[in-house]
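**Q** model the following, please.
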Amino acid sequence: METACVIGKRLASLSRPGRGGGPRPGRADLADPVEAAEATEAAVRALEELGAAVESEQAGEAFFAVDGLCGLYGGDSAGVLAAAQRAVGEEWRIATGRTRLAAFLAAGEWPHPVPVAALRTRLGVSEREADALIDALARLGIGTLSAFSHLSSDQVADRFGPLGLRALGLCRGEEEPLRPRTPHEELAEEIELPEGVAGRQLDRALELLVDRLLAVPQRKGRTLLGLRLGARLAGGGSWSVEQGLGRPSASPRVLRNVLTPRLEELPGPATTLRLRAVGLGPPARDQLELAVGGSEPRRRRLRVAVREVRAAQGAEALLKILPVEGGSRVPERWALLTPYPEL
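**A** Okay, the predicted model is just below:
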């Protein structure tokens, strides 16, 4: 199977020198994790529209199998790569190889013979652990992938343990199959904030974002599996954090409860707050709910009524008043209209 690697020229810089010799993959020329995540998501979606099943586990790169697409794009890998390049744009490098590592090296700017530093981001461990292995190999005079691959498994296991064996397997072309993600529609909402927003105002902005995200028609009543909360900072740069939910949920209260504590991690005042769904689960009606007394039947009827009105009149047909700055001198800041929750 031929595997293609797509690397963002700006998102995954290969020019920063690293310990142990050779170029070092990193993010030196892009200190904006939100921009990196957004650009990678856009590229992955463009590849998925071509029919590719894409694996992307870190910003700035993606992998997909070429063989199944050849019949759609000229009968060979060259046609597939040309179509992929047009889809993602010239800001991305694309190359193929027999494995992820081979494709990654072909898409990068690695010298030949390839230094062992190329393994730094391919081992699935922390940078500190990867650096320790690379430094140990360098001290023993093993500076290239070719030299490393000629060691016996017993030698590597005895000196470097399981991590060394994993690295040796990668050098010999031993990799697990691709793990492509399940394509899904983008669900994201963003809100502009007055400069210097903090505290209670951020909580209100988050509440508004949650309500808007749950009200978008593309959700089609499905639950959420995870969320990515991001912000653009007043002092420049950005911040983002992913939050798993533990179990699928479409409850505004649950989403607010898990996200509100994360606002305390903001490194400074924000000018924009953004919320994106990371994975969709089964429809909300399939969830088991516990209720106290006789409130649940009424909530269920109200939930159905809200969906029916939205289906007939649109997402903005039902709104609620969200108090924001009751003490402000500007009336427009006293309250906002936000989509009525589905309960």
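**Q** measure residue 183 to residue 54 for me?
**A** To residue 54, residue 183 is 8 Å away according to C-beta to C-beta, to the nearest Å. The way it works is simple: take the backbone N, C-alpha and C, and place the C-beta from them, glycine included.
**Q** no, scratch that, I was asking about residue 257
**A** In terms of C-beta to C-beta, residue 257 sits 32 Å off from residue 54.
**Q** the more surrounded of those two?
**A** Between residue 257 and residue 54, counted using other C-beta atoms under 10 Å, the more crowded position is residue 54 (21 against 10).
**Q** quick check: that one touching residue 65?
**A** No - applying C-beta atoms under 8 Å as the test, residue 54 and residue 65 come out as separate, 9.5 Å apart.
**Q** name the SS class of the nearest residue to residue 97 once chain neighbours are set aside, please.
**A** Distances taken as C-beta to C-beta, 6 or more residues apart in numbering place residue 103 nearest to residue 97, at 3.6 Å, with adjacent residues excluded. Per DSSP: H, G, I helix; E, B strand; the rest coil, the secondary structure class of residue 103 is helix.
**Q** mind pulling up the pLDDT for residue 103?
**A** Residue 103 carries a pLDDT value of 96.
**Q** same question for residue 163.
**A** For residue 163, pLDDT reads 96.
**Q** I'd say it and residue 125 touch.
**A** Yes - counting by C-beta under 8 Å, residue 125 is a contact partner of residue 163 at 6.4 Å.
**Q** just give the closest residue to residue 208, not the sequence neighbours.
**A** residue 338 (4.8 Å).
**Q** helix or strand right after the strand or helix carrying residue 271?
**A** Residue 271 belongs to strand 270-277 when elements are defined using DSSP states H and E. The helix or strand immediately downstream of strand 270-277 is strand 280-283, counting by DSSP H and E.
**Q** elements contacting that following strand?
**A** With contacts taken as 3 or more C-beta pairs under 8 Å, 6 or more residues apart in numbering; DSSP states H and E, strand 280-283 sits against strand 222-233.
**Q** each with direction, which strands does the strand it packs on pair with?
**A** Strand 222-233 sits in its sheet next to strand 238-249 (antiparallel), strand 270-277 (antiparallel), strand 280-283 (antiparallel), going by DSSP bridges.
**Q** which of those strands is buried the deepest?
**A** Per-stretch averages of neighbours, counted by mean count of other C-beta atoms under 10 Å, single out strand 270-277 among the strands paired with strand 222-233, with a mean of 22.
**Q** isn't residue 91 up against residue 6?
**A** No - if you go by C-beta under 8 Å, residue 91 and residue 6 don't touch, sitting 10.5 Å apart.
**Q** more crowded one of the two?
**A** More crowded of residue 91 and residue 6, by other C-beta under 10 Å: residue 6, with 30 against 11.
**Q** what sits up against the helix or strand that contains residue 167?
**A** Element membership of residue 167, judged by DSSP H and E, is helix 153-171. Here helix 153-171 makes contact (C-beta atoms under 8 Å, 6 or more residues apart in numbering) with 99, 101, 116, 119, 122-125, 129, 133, 136, 145, 148-149, 151, 175.
**Q** now for these: which two are most distant?
**A** The most widely separated members of the contacts of helix 153-171, counting by C-beta to C-beta, are 99 and 136 (23.7 Å).
**Q** and the two? which has more neighbours close in?
**A** Set residue 99 next to residue 136 and count neighbours by other C-beta under 10 Å: residue 99 wins out with 21 against 15.
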